[in-house]
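**Q** starting from these lines, generate the structure:
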Amino acid sequence: MSNLVLIPTYNEAENIHGLVHAISALRVPFDILIIDDNSPDGTGTIAKDLMRLYPNLHLLERAEKAGLGRAYIAGFDWALQRDYEYICEMDADFSHNPDDLVRLWEACARNGADLAIGSRYISGVNVVNWPMGRVLMSYIASMYVRLITGMKIKDTTAGFKCYRREVLRNIDPGHIRSVGYGFQIEMKFTAWLLGYNIVEIPIIFTDRRAGTSKMSGGIFSEAMWGVLRMKIISLFRKPCRADD
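**A** Numbering: from 1, shown residues only. Predicted structure coming up:
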């Protein structure tokens, strides 16, 4: 199978079975890699049990909670060591609709995109059940990122994406410095600097069905300062593709 979806988890026991089932039922086949940070609620144990029922399910266990970015880097390394051509990422809480995975994949596999982003803001503000303050914080954050970086991406903090393998190989995620949601911005910025074709696919983002949000003001603060840092660095050192 050439398609993989990465799902970092921490205390997602209430969501994991339903999500694995929904992805496995899609008309386009995906392998699934759960990247669990030693969840106290037993998410990893549930994933192990599910692997008996779902041969497309894999589990990568980490010793402790070390940040979203580090979880994704571990997942990207795992994927690049294997033969996956299209590598997606999504949240575990159903805020990202599994059905939209197919649309992101099609944008890359059939329509020539190098990176497809599930965008909350490309066609208005498509967010359900978030308090207004959080919507404004997210929307203004994306405006700020566009202003500082020059990227035209509307949803710069989005975590629902599909990459072609080549993009990840040339970004070399191990060199990305941000840990929290700044990681999502820095990955997009690096792909943009490398000249890849980035498209935004409109989605409806729905706040989590169960469990507790991991979002905090500190995560956004790290992202905002990180944007300034990465922009300044890019003025003096631009990334190069490995195949150039």
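**Q** in this protein, which spans are helices?
**A** 16-24, 43-50, 68-80, 100-109, 132-149, 165-171, 182-193, 217-236 (DSSP state H).
**Q** go through those and pick out the most buried.
**A** helix 182-193 (a mean of 24; mean count of other C-beta atoms under 10 Å). (Glycine included, C-beta is placed from N, CA and C.)
**Q** pLDDT averaged over it, what's the number?
**A** Mean per-residue pLDDT for helix 182-193: 92.
**Q** that older thread, residue 87 is nearest to which of the helices of the chain?
**A** helix 68-80 (4.8 Å; C-beta to C-beta).
**Q** give me the residue at the spatial middle of this structure.
**A** The centroid of the chain falls nearest to residue 159 when counting by C-alpha atoms, centre = their mean (3.5 Å).
**Q** show me the contacts for that one.
**A** 68, 89-91, 96, 181, 184 (C-beta atoms under 8 Å, 6 or more residues apart in numbering).
**Q** please report the distance of residue 121 from residue 162.
**A** Distance, residue 121 to residue 162, by C-beta to C-beta, to the nearest Å: 18 Å.
**Q** between these two, which one's more packed in?
**A** residue 162 (31 against 22; other C-beta atoms under 10 Å).
**Q** residue contacts, the closest residue to that one other than its chain neighbours?
**A** In space, and not counting its chain neighbours, residue 162 is closest to residue 104: 3.9 Å by C-beta to C-beta, 6 or more residues apart in numbering. Applying C-beta under 8 Å, 6+ apart to residue 104 gives the contacts 88, 116-118, 160-162, 201.
**Q** which one of those residues has the most neighbours?
**A** residue 162 (31 neighbours).
**Q** perfect, I'm done here.
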